[in-house]
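> Test case, fold it:
(chains A and B)
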Amino acid sequence: MNYAFSFVYIVENLPVLFDGFMVTVRVSVISIAIASLIGIAGAAVRLLKVPVLSQVVGAYVHFIRSTPLLPQIFFIFYGLASVGLPISSFWAGVFALSLWGGAYNVENVRGGFLSISKGLHEAADSLAFGPLHYLWLVAVPLGVRVSLPSMLNTSVSVLKNSAYLQAIGLAELTFVAMDKVSLEFRTLEMFAAIGVMYLVLVLALSIAVRRLENVLQKPFRP
Amino acid sequence: MTASAATAEGAGGRDPIVSLSRVNKWFGDFHAIKGISLQVNQGERVVICGPSGSGKSTLIRCINGLERHQEGDLTVNGTRLDGKSASLNEVRRKVGMVFQHFNLFPHMTVLKNLTVGPTWILGRPREEAKETALAYLRQVRIEDQAYKYPAQLSGGQQQRVAIARALCMKPEVMLFDEPTSALDPEMVKEVLNTMIELAGTGMTMICVTHEMGFAREVADRVVFMDEGKIAEEAVPSEFFSAPKSGRAKAFLDQILVH
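Numbers count the residues shown, from 1 in each chain, chains lettered A, B, ... in the order given. Next up is the predicted model:
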């Protein structure tokens, strides 16, 4: 037990860690955005009970939620390559994380839609709104508000699960740390450093979403 | 008023704007509306009352298709509700509805609540819809609240916004489903006054309400329902002074004498 924790080592390696940090940010931000859109679109398809599509979305959600993320990532990265559709590890990562987060978001947004009172649906009906009017003018703005906290949860998970992408060689934060550790064995320093970095990212994401919630709650305060 | 009620009974050459013929409605095994026939002429004010569970709300909800009747004919403004979405859409454009719980869109300002239907559904230009909306807000005396959100208004104000929202669609018929039942007592009057003024403009109104003062003042006809049927139909003066059915007598005793 005479391991000397070296802050200097962390500082020296900040530039390379920062490269990984930025890859994590990019892959996460794009995936979170796409996953949110998938969530809204998927929940809309289920709300409107679009024939066939609604069942497809149901099966998709069930499949993603019932299988581990890592095999999903491998399936996309190696699977696509093996059928002659090679894809970069970055975009394979975006693909996998978006599909994964999207499945959870479908359920999150669907819950939001279900929370809307029957009375508002009837008011929309009485104004001759069609299903798409109801969706766009009432269900999405109100339902997404309600589901924001659970969508934040899913988004935080997407961000943290981007660490799995080191398994397909994406040079994100965890990959960079592992790489350095395998060369220089400064295990504690590296994992402590990236731990703090993930913490900062999650904190920033949480604050951003809380701010958004705050703005969106304005109409509901007396 | 008695005169217009007389024309209502005697058809007077005009086609009724709302016409129900032997309409039946079931909720599962429960027979909610039992073969009701009712005609309402243009400009007529009809108050529907009766004990709870007598089917009065269900009846007016059938008129704009919020509930689907299973048997009989229901025609509104020349369109027969045949279960197809085209006729449903046609009828809903012509029928305004005011709900017990207001049902304003909470994420929209008052003004947006009033313009969303005309702009999105009727395709009116934004400016025109806004002017119409402000005119109706003036009519219901809450013009100064146009940029507030529903949660910032009192119940009475919200209900007046709801009335204005329905009017912005330029309906031929207005349905009121217990519009004052969810209000604090001191707010009932402002909503009733708005409804009385609306009656003065010649709007066809069908109101489910227990406000017998309102019925006495503006109704051309009172329809008393009991157990899914129309038990009695009369001009207010007759209904209140000399109800024919025992059930109506008992009902009036219940709500008029505390």
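
> Could you pull out the helices in the stretch 151-258 of chain B for me?
Applying DSSP state H, counting those that start in this stretch to the stretch 151-258 of chain B gives helices spanning B:155-167, B:185-200, B:212-218, B:236-241, B:246-256.

> Mind giving me the packing neighbours of the shortest one?
Packing contacts for helix B:236-241, counted by 3 or more Cβ pairs under 8 Å, 6 or more residues apart in numbering or on different chains; DSSP states H and E, involve helix B:212-218, strand B:221-226. In this view, the C-beta of every residue, glycine as well, is placed from N, C-alpha and C.

> contacting residues around it?
B:1-2, B:47, B:212, B:215-216, B:219, B:221-222, B:224, B:232, B:248, B:252 (Cβ atoms under 8 Å, 6 or more residues apart in numbering or on different chains).

> Make JSON lines out of the residues you listed and add pLDDT.
JSON lines is the format used below for the contacts of helix B:236-241 (pLDDT from 0 to 100):
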{"residue": "B:1", "pLDDT": "39"}
{"residue": "B:2", "pLDDT": "41"}
{"residue": "B:47", "pLDDT": "97"}
{"residue": "B:212", "pLDDT": "90"}
{"residue": "B:215", "pLDDT": "93"}
{"residue": "B:216", "pLDDT": "93"}
{"residue": "B:219", "pLDDT": "95"}
{"residue": "B:221", "pLDDT": "95"}
{"residue": "B:222", "pLDDT": "95"}
{"residue": "B:224", "pLDDT": "95"}
{"residue": "B:232", "pLDDT": "93"}
{"residue": "B:248", "pLDDT": "91"}
{"residue": "B:252", "pLDDT": "89"}
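
> which of the residues you listed count as buried?
If you count burial by 16 or more other Cβ atoms under 10 Å in any protein chain shown, the buried members of the contacts of helix B:236-241 come out as B:47, B:212, B:215, B:219, B:221, B:222, B:224, B:232, B:248, B:252.

> so where's chain B uncertain?
Residues of chain B meeting the criterion pLDDT under 70: B:1-14, B:257-258.

> Deepest-packed of the helices of the stretch 151-258 of chain B, please.
Across the helices of the stretch 151-258 of chain B, averaging neighbours per residue (mean count of other Cβ atoms under 10 Å in any protein chain shown) puts helix B:155-167 on top, at a mean of 25.

> for chain A, which helix is longest?
helix A:14-47 (DSSP state H).

> which other helices and strands contact that one?
helix A:53-66, helix A:89-114, helix A:140-161, helix A:173-184, helix A:187-216.

> Buried residues of it, list them for me.
A:17, A:20-21, A:23-25, A:27-32, A:34-36, A:38-47.

> do stretch B:49-58 as well
Neighbour count says stretch B:49-58 has B:49, B:50, B:51, B:54, B:55, B:56, B:57, B:58 buried, by 16+ other Cβ under 10 Å.

> That one close to chain A?
No: on the criterion Cβ under 8 Å from any Cβ of the partner chain, stretch B:49-58 is out of touch with chain A, staying 11.6 Å away.
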